[in-house]
Every structure is written in C-alpha cells, then in structure tokens.
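Enquirer: one predicted model, sequence on top.
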Amino acid sequence: MNTTQKIFFTIDDIEELATSRSFERGEDYFLSGEVSKIVKKGNLFEGIVYGSRKYKVSLNITTNQLNFKCNCPYDFGGICKHEVALALAILDGKYIENNINEEKSFSKEAFANSFEKVKTGKKLKFLKQLLDRDVDLQQQFIEFTKDASESLDKIVGEKIEVVKNQIHNELSSLDFDNIENEYEYNDYDNYWDDEGLYRHAEEMIQDVFAPYINQAANYLKKGNLVDGIRITLGIYEGSQNLPELDNDDYCLFDGGYNASVQDILRESINNIALEMNEIVKSDEAVFQIIDLIFERAKVYDIENAEEEEDDENGIFYDIKDFEKLFQSLVINKTTAIYLHEQLQKNKLENYSASYIILNIAEILSDEILWTNTAETFSKNDKEIAGLLIEKYKSKKLEKDFNRIAKMAFHNWPNNFDLYLIDNLDKEQEKCLYIDALKNYVKDKNKIKYYQTLRDYLADDEKIRFVDDFKDSYKHVFYVQLLEAEKRYQEILDCAEQNKGSYDFDKLIIPILNIYPSECFTFIVNKNNKALNSYRKNRKTYQSMIKTLRLLKQITSKKEESVLFLNELYNHKPNLPALKDEMRLANLVGN
C-alpha cells in the first residue's frame with residue numbers, strides 16, 4: 001500500500017464528475033470493501049470493483065485530467081459508481097505501486113562508467129552466472145552470436161503466408177449466432193448488460209490470436225527473433241480484409257467486424273513488443289527484422305498500386321501499428337540510424353511514424369530531429385503537442401512555449417486548460433490565461449477557479465457567464481456561481497424550481513439565513529412528502545436526514561425546528577428506522 005505519494009485529485013473532483021446518486025452508491029461500494037487489486041503503473045491505476053459482477057476499472061491521469069474507464073454498461077451521465085469507488089480507494093491509499101519507470105531513476109552513465117572500468121574477465125564471470133540461471137537466455141546467446149550471413153530460413157522458417165491464411169480462415173468462420181447460449185446476462189441496476197455479449201465476442205477473437213501470439217513469444221524467448229516476427233506479420237496480414245459476418249444475429253459488430261479485429265490485433269502486436277523488450281538482441285537480428293517488415297509492406301504497396309479499382313480490399317501496412325515494436329527493437333544508435341534510413345528510403349516520415357521518429361531522435365540525442373518532428377506533427381496530436389510544450393518550458397523558450405500553447409488550447413482546450421492556468425505568464429499571455437480559466441470552469445465546474453476568473457471579468461461578463469448555466473442540469477454549480485455573485489433571489493428561484501432534486505440540500509445552504517422562512521417551509525414540505533410516500537424505507541429516511549440537518553443552521557427558526565424534529569421522531573404509528581437515523585444524526589436526544 002502506498003499512502004505517501006500525492007494524488008493530484010480530491011474527493012471534490014470526484015463529486016463533480018459523478019451524479020449524486022453515482023457518488024453515493026460508489027461511496028457505499030468503497031466502504032463495503034468492494035474494491036480490490038488496485039495497481040499503480042506511472043499515472044495509470046487499474047483495479048477490480050465488485051458489483052452485480054466483477055468490473056475492470058481504470059483511471060489514467062494525463063495533463064491533470066482524470067480519464068476513467070469501466071467495462072460496465074452505465075451510460076447515464078457522469079462517471080459510474082464503480083469509477084467513484086476506485087477513485088475513493090485510490091485517495092485512501094489502497095493501491096500497490098508497480099514501478100515500471102524505476103529504471104529511469106537508475107543512472108545509465110554510472111553503469112557505463114563502471115562497465116568500462118571492469119576487466120573483461122569479471123564481465124565474463126558475470127555473464128556466465130546470468131546464463132547459467134536461464135535456459136532461454138542461453139538459447140538467446142547462441143542466436144546472438146550466430147554468423148549474420150546465415151540464411152533466415154535456416155532458423156525454423158515459419159511461413160508468413162501460411163500463418164496469414166490460417167488466421168484469415170479462423171477469423172472469417174467465427175460463429176456469433178449462438179453467443180447468448182454461452183454468455184449469461186448480468187443485471188446492472190435493472191438495465192440489461194447488452195455489452196457483455198460484445199465483450200464475450202471480443203474474447204472469442206482473442207482466443208483465435210492466442211496460440212499464435214504464444215508461439216511468437218516462445219520463439220522470442222529462445223532468441224529466434226525473426227520467426228517470432230514472421231508469425232506476427234502473418235497475424236497482421238491475415239487479420240485484414242475480413243468478410244463482413246453473415247452469422248451475427250445479435251448485430252454485435254453491425255458492419256464493424258474488421259475494425260474490432262484490428263483493435264484486438266494492435267493489442268496483440270503490443271504484447272509481442274513487451275516480450276521483445278525482455279530479449280537480448282543483436283544489431284544484425286534487428287536489421288533483419290526491420291528489412292522484413294519493410295519488404296512485406298512494399299509487396300502490398302505494389303499489389304495495391306496494380307489493383308487500383310479494388311483498392312479498398314487490399315492489405316495495408318500502417319507503420320503506426322508497429323510503433324511499440326520498433327521502440328522495443330531499436331535501443332541503440334546503430335539500429336536507430338538504420339531504422340531512420342529505412343523510413344526515409346520508403347518515404348514514411350509521416351504522422352503514422354511520428355512517435356517512432358521521436359524515439360529515434362531521443363536515442364541519437366538529436367535535438368534538431370526531435371524538435372522538427374514534434375513541430376511538424378504537434379498540430380495533429382495532443383500528446384506530441386504536450387511534449388513540445390514541456391520541451392520549450394524546460395529550455396525557457398517563452399516565445400515558442402506560448403506559440404504552441406495557443407495552438408494546443410485551440411485544438412484541445414479541455415486537455416490543456418489547467419496546464420496553461422498553472423504555467424502561463426499571466427501578464428504576458430493574459431487573454432489566453434483568461435480563456436483557459438473560462439474553459440476550465442465551464443468544463444470542470446470548479447468554483448474556486450471562478451473566484452480567480454471573476455477578477456478578470458467586467459460586471460456584464462460575470463452576469464453572462466453565470467446565466468449560461470441557468471438552464472443546464474448543473475444546478476449545484478449554478479447556485480455556487482450565484483452565491484459568488486451574491487444573487488440570492490435567483491438561488492431561491494432555483495431551489496423553488498428544483499424542490500425534487502436529489503441535491504436540494506446543496507441548493508438552499510447559501511440562503512438558509514437569508515430566506516429562513518422559505519427554506520424552513522421547503523424542508524418541512526419535502527420531508528412530509530417523503531414521509532407520506534407509499535414505498536418509504538430506511539433509504540428514504542437517510543435521504544430525509546440530509547435536509548433535516550439543515551434545520552439546525554437556520555438561526556431564526558430554532559424553536560420551530562425543534563418542534564418539527566420532535567414531531568417526526570414521535571411519529572404515530574411508530575417508525576423505528578427513522579428514529580434510528582435521527583439519533584445517528586444527533587437530531588434529537590436519546
């Protein structure tokens with residue numbers, strides 16, 4: 001468990017991202033211990049939340065944005081209760097940390113210096129001990145030391161075409177008509193989990209890939225890199241241009257079968273890249289793999305050029321699909337230079353290769369290549385724009401920083417607003433700073449940032465800004481804005497119009513002692529109505545407590561409040577659950 005590292009969000013942030021009902025239920029899940037196995041990997045948190053079934057939930061914090069994902073079918077506004085539960089557990093420190101970036105804190109320069117000083121004999125002893133521990137490493141050593149002139153087919157010689165045809169046939173013949181018989185529906189608050197069928201269909205596709213991926217991984221572990229990549233390329237080619245299904249009675253893919261397979265394919269290639277990271281690679285083997293990928297791409301470029309009329313049915317190599325694979329292969333200057341030359345030779349220095357080129361530039365310590373690439377593609381990619389902004393910030397190049405900041409905010413305002421608020425020179429870029437504040441307040445409903453923004457707004461601008469929320473569903477935030485502007489009559493009007501709101505207590509808090517009689521009447525009527533409801537239960541009484549607590553804050557209505565609370569407590573017929581809740585809330589004496 002890690003309770004020391006600062007988490008860059010608060011419980012208030014989570015309340016604002018969720019509806020009141022989702023937050024309340026998520027809090028119940030958290031307090032009931034339904035959250036487990038949270039792992040932190042850099043800025044990514046992944047965990048399991050148990051509800052009507054087991055749900056996978058994640059939170060990725062990027063540029064101070066909270067990006068939640070949950071595989072439940074909830075789609076009714078705000079984050080779901082499982083995401084709330086995960087966030088509350090994270091805030092409580094209930095996670096373990098997987099230090100995937102731990103190596104970054106290790107000094108490579110210190111290793112390089114030590115390696116140069118150590119005598120060859122000691123190096124060989126260390127190497128021998130490592131090899132003695134692992135049979136796979138021993139095989140990798142044999143392959144690493146082979147003569148580079150050996151024919152590729154003398155290793156094992158997996159045939160790309162064979163794998164391609166097998167994969168294509170298996171994916172084309174999957175039958176999704178009877179999928180309901182294999183999958184049990186799960187209920188989510190009375191909504192059928194229709195997405196569960198689709199997830200099961202995805203698992204069927206993954207099962208087709210699995211044996212091929214495992215075989216490729218086994219080749220890599222033995223040092224047979226080329227055959228591992230041959231299988232990977234066979235999978236890549238065989239997964240394209242699939243026929244649309246005539247055995248999809250539930251319309252799970254609705255004409256998007258190819259796109260769904262491609263998403264799973266990319267994940268599979270990335271898994272191969274993870275395996276490649278663990279392998280000892282000779283430069284010669286890396287050259288062979290790079291050549292093999294570009295040769296296959298060229299074959300289909302020629303075929304597609306010759307069959308222009310049937311172009312849409314061809315097989316295409318998108319260099320971006322191999323981004324992580326190239327990053328795992330190219331780890332030194334020699335291989336980085338070779339890959340860059342191949343990209344240039346094949347005229348592939350385009351957006352799809354942008355991250356690959358940025359990685360090459362970092363390996364080569366080529367600032368000019370990195371900056372030129374980032375400048376070229378920052379308009380197309382918010383992540384690259386963010387990297388470029390950080391680069392200019394670190395170099396204190398204010399003019400370039402401001403230029404890219406404006407572009408990034410124009411293209412992706414919700415991703416960069418808070419970053420700009422925290423990092424802009426407020427005087428030099430006043431207009432951009434104000435625009436970022438406006439966007440952040442509107443998008444995230446942060447009242448403390450409105451307090452900063454209002455200092456920059458004229459009176460008529462404040463009125464317009466607040467009134468934009470008048471007819472929205474964000475009643476609580478609208479009231480917070482009205483309170484900041486001391487527009488109390490409009491708070492009363494809002495409360496009057498939303499007396500049935502779950503958040504009604506938050507609407508009247510600012511005016512309890514400004515309109516005491518009206519607020520007292522609101523509370524009494526709301527609770528009498530709840531008390532007379534046909535299906536009242538303990539949850540009804542717990543909801544009543546939220547507004548009943550407010551009675552004690554109305555200073556001019558203390559006597560009336562005591563009388564009303566006693567009347568409720570002594571209700572006839574007797575209501576034991578209500579009495580219990582009122583005692584727990586200290587609303588009456590024992």
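Expert: Arrived safely. This one's a predicted model, so the numbers in the text were calculated from it and none came from an experiment.

Enquirer: contacts, neighbours, all on C-alpha from now
Expert: Fine.

Enquirer: any idea how far residue 167 is from residue 57?
Expert: According to Cα to Cα, to the nearest Å, residue 57 stands 31 Å off from residue 167.

Enquirer: pLDDT on stretch 449-458, on average?
Expert: Mean pLDDT, computed over stretch 449-458, is 95.

Enquirer: that one: how far from the chain's middle?
Expert: Offset of stretch 449-458 from its chain centre (Cα atoms, centre = their mean, to the nearest Å): 31 Å.

Enquirer: got the contact list for it?
Expert: 434, 437-438, 440-441, 462, 481, 484 (Cα atoms under 8 Å, 6 or more residues apart in numbering).

Enquirer: from the residues you listed, which would you call buried?
Expert: Among the contacts of stretch 449-458, the ones that count as buried by 16 or more other Cα atoms under 10 Å are 434, 437-438, 440-441, 462, 481, 484.

Enquirer: list the buried residues of the host helix or strand of residue 37.
Expert: If you go by DSSP states H and E, residue 37 is part of strand 35-41. For strand 35-41, the neighbour count (16+ other Cα under 10 Å) marks 35-36, 38-40 as buried.

Enquirer: which strands or helices does it pack on?
Expert: Helices and strands touching strand 35-41, as assessed by 3 or more Cα pairs under 8 Å, 6 or more residues apart in numbering; DSSP states H and E, comprise strand 44-50, helix 81-91, strand 96-97.

Enquirer: got the angle between that strand and helix 81-91?
Expert: Per axes from the mean of the first three to the mean of the last three Cα atoms, to 10 degrees, the angle that strand 35-41 makes with helix 81-91 is 60 degrees.

Enquirer: strand 35-41 pairs with which strands?
Expert: Sheet pairing of strand 35-41 (DSSP bridges) gives strand 44-50 (antiparallel), strand 96-97 (parallel).

Enquirer: any idea which helix or strand comes after the last one?
Expert: It refers to strand 96-97. helix 108-117.

Enquirer: using CSV, lay out the buried residues of strand 35-41 together with distance to residue 315 and pLDDT.
Expert: Shown next, in CSV, are these (distance: Cα to Cα, whole Å; pLDDT from 0 to 100):
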residue, distance to residue 315, pLDDT
35, 44, 90
36, 43, 86
38, 40, 90
39, 38, 90
40, 38, 88
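
Enquirer: can I get those in JSON lines including distance to residue 457?
Expert: Formatted as JSON lines, the buried residues of strand 35-41 follow (distance: Cα to Cα, whole Å):
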{"residue": "35", "distance to residue 457": "44"}
{"residue": "36", "distance to residue 457": "46"}
{"residue": "38", "distance to residue 457": "43"}
{"residue": "39", "distance to residue 457": "44"}
{"residue": "40", "distance to residue 457": "41"}
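
Enquirer: can you tell me which of the residues you listed is closest to residue 575?
Expert: Among the buried residues of strand 35-41, residue 35 lies closest to residue 575 (Cα to Cα), at 34.0 Å.

Enquirer: once you drop chain neighbours, what's closest to the closest one?
Expert: Of all residues not flanking residue 35 in the chain, residue 49 sits nearest, at 4.5 Å (Cα to Cα, 6 or more residues apart in numbering).

Enquirer: isn't that neighbour up against residue 58?
Expert: No: applying Cα atoms under 8 Å as the test, residue 49 and residue 58 come out as separate, 10.1 Å apart.

Enquirer: anything in contact with each of those two?
Expert: Joint contacts of residue 49 and residue 58 (Cα under 8 Å, 6+ apart) are residue 86.

Enquirer: how far does the longest strand seen in the chain sit from its chain's centre?
Expert: The residue-count maximum for a strand in the chain (DSSP state E) belongs to strand 54-62. Strand 54-62 sits 7 Å away from the centroid of its parent chain (Cα atoms, centre = their mean).

Enquirer: buried residues in the helix or strand following it, which are they?
Expert: The helix or strand immediately downstream of strand 54-62 is strand 65-70, counting by DSSP H and E. Neighbour counts over strand 65-70 (16+ other Cα under 10 Å) mark 65-66, 68-70 as buried.

Enquirer: quick one, helices of the stretch 301-450 of the chain?
Expert: 323-329, 333-345, 354-364, 367-377, 382-394, 398-411, 413-423, 430-444, 447-453 (DSSP state H, counting those that start in this stretch).

Enquirer: quick check: mean pLDDT of the fifth one?
Expert: Over the span of helix 382-394, the pLDDT mean works out to 94.

Enquirer: how about the contacts of stretch 449-458 in a markdown table, adding pLDDT and distance to residue 317?
Expert: A markdown table is the format used below for the contacts of stretch 449-458 (pLDDT from 0 to 100; distance: Cα to Cα, whole Å):
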| residue | pLDDT | distance to residue 317 |
| --- | --- | --- |
| 434 | 96 | 44 |
| 437 | 96 | 43 |
| 438 | 96 | 43 |
| 440 | 93 | 40 |
| 441 | 94 | 43 |
| 462 | 96 | 53 |
| 481 | 97 | 53 |
| 484 | 96 | 56 |
